[in-house]
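> requesting a structural model of the entry that follows:
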Amino acid sequence: MNLIDKVEASQMKKDVPAFRVGDTLKVYFRVKEGEKTRTQLFEGVCVRKRGRGLGATCTLVKEAYGDTVEKTFPLHSPIVEKIQKK
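All right, here's what the predicted structure looks like:
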């Protein structure tokens, strides 16, 4: 294992659940508004899972008020607090 792999392994989250495209996920992430931060929930169906290691992302889709909302989350970002498989 080289030095880059060791640094990446130390930065990766251990609590990311195993999921596949088509699974429903709840993602809790931090939003900063002015000087305050709060936790927001985004619940949707996973339509894309890309990458590996620190660059891994997943894209969720949900319908809200008649519109389709699509959001991409980096899985190992400090902004993402937790991911739950429903």
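
> and the contacts of the top strand by length along the chain?
Criterion DSSP state E: the longest strand present in the chain is strand 36-50. Strand 36-50 has contacts (C-beta atoms under 8 Å, 6 or more residues apart in numbering) with 19-31, 56-62, 69-73, 81, 86. For every residue, glycine as well, the C-beta is placed using N, CA and C.

> narrow these to those in strands?
Mapping the contacts of strand 36-50 onto strands (DSSP E) picks out 24-31, 57-62, 69-73, 81.

> quick one on the thing from earlier: and the contacts of strand 36-50, which are buried?
By neighbour count, with 16 or more other C-beta atoms under 10 Å, those hold 19, 25, 27, 29, 56, 58-60, 73 as buried.

> would you double-check that residue 9 falls in a helix?
Yes - assessed by DSSP: H, G, I helix; E, B strand; the rest coil, residue 9 belongs to a helix.

> what pLDDT does it get?
Looking at residue 9, its pLDDT stands at 85.

> any idea how far residue 45 is from it?
30 Å (C-beta to C-beta, to the nearest Å).

> more neighbours, those two?
Comparing residue 9 with residue 45 by other C-beta atoms under 10 Å, the one with more neighbours is residue 45, at 15 against 11.

> on the strand side of things, show who the more buried one bridges to.
According to DSSP bridges, the residues that bridge with residue 45 are residue 24, residue 61.

> ok, now which ones touch the residue lying closest to residue 69 once chain neighbours are set aside?
Closest residue to residue 69 apart from its sequence neighbours, by C-beta to C-beta, 6 or more residues apart in numbering: residue 62 at 5.5 Å. By C-beta under 8 Å, 6+ apart, residue 62 lies in contact with 42-45, 68-69.
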